[in-house]
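Student: coordinates for the following, if possible.
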Amino acid sequence: MSDETFWWTTRVYYEDTDASGVVYHANYLRFLERARTEWVRSLGWSQESLRHELDLCFAVSEMTTRFRGPARLDDQLAISVRVIQQRRASLRFAQTVHRDAPDGACLIEAEVRAACLTESTFKPRALPASFFGSTA
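Tutor: Sure thing, here's the model as predicted:
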C-alpha cells in the first residue's frame, strides 16, 4: 500500500535477554509493538488519544515471523513499520528488526495484521478517515 517506511530505534537491555545474553524470542514482539506505537505517534496520535477521542484501539489478530539472527545485549536495533494493506477494519504491516551497526543485518521479518476495534466494546469497526490525517 505504501512505500513509506517508518523507523524506530532502541537498544537491547539486560532484561530483554536470556542467560546467554541473546534477546529472548518473545521480546522481539515487544520491539515490533513499540515500533507500531511510535508509528501511530508519528501520525499525531497517542494510544490514549485514540482511546479517548476516537474510542479506538488496535489488536493483533495475525502475525508471522521469520527469525534470521540473534540480537545481543547492548545491540542498537532499528525496527521498521510499513503499511502493506489497509482494509475497512484492519491494517497489515511489514516489519523488520535490523542490527543498527556495524553490519545492519536483518534479524527478524514479520507480517502483522492489526484489527481496528471500538475500544469500549472490542467489536470491529471501520478505521476512521481522520486516522491518517490527524493533527491531534
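Student: okay, now the unreliable bits of the protein?
Tutor: 1-2, 102, 134-136 (pLDDT under 70).
Student: centroid-nearest residue for it?
Tutor: Of all residues in the chain, the one closest to the mean position by Cα atoms, centre = their mean is Arg36, 2.8 Å from it.
Student: confirm that that one sits in a strand.
Tutor: No - under DSSP: H, G, I helix; E, B strand; the rest coil, Arg36 falls outside any strand and is assigned helix.
Student: quick one, phi/psi of the residue nearest to Glu33 when sequence neighbours are not counted?
Tutor: Among residues not flanking Glu33 along the chain, Val60 sits closest, at 7.8 Å (Cβ to Cβ, 6 or more residues apart in numbering). For glycine as for every other residue, the C-beta is placed from the backbone atoms N, C-alpha and C. Phi and psi for Val60, reported as degrees, to the nearest 10, are phi -70, psi 120.
Student: surely the residue nearest to the centre of the chain and Val81 touch.
Tutor: Yes - in this structure Arg36 lies within contact range of Val81 using Cβ atoms under 8 Å: 5.6 Å.
Student: now do the shared contacts for the two.
Tutor: Residues touching both Arg36 and Val81 by Cβ atoms under 8 Å, 6 or more residues apart in numbering: Phe93, Gln95.
Student: please enumerate the helices of this protein.
Tutor: Listed in chain order, the helices of the chain (DSSP state H) span 27-42, 47-54.
Student: out of those helices, deepest packed?
Tutor: helix 27-42 (a mean of 18; mean count of other Cβ atoms under 10 Å).
Student: for it, the distance to its chain's centre please.
Tutor: Mean C-alpha position of helix 27-42 versus that of the full chain (Cα atoms, centre = their mean, to the nearest Å) differs by 3 Å.
Student: which elements pack onto it?
Tutor: strand 6-11, helix 47-54, strand 56-67, strand 76-87, strand 90-99, strand 106-118 (3 or more Cβ pairs under 8 Å, 6 or more residues apart in numbering; DSSP states H and E).
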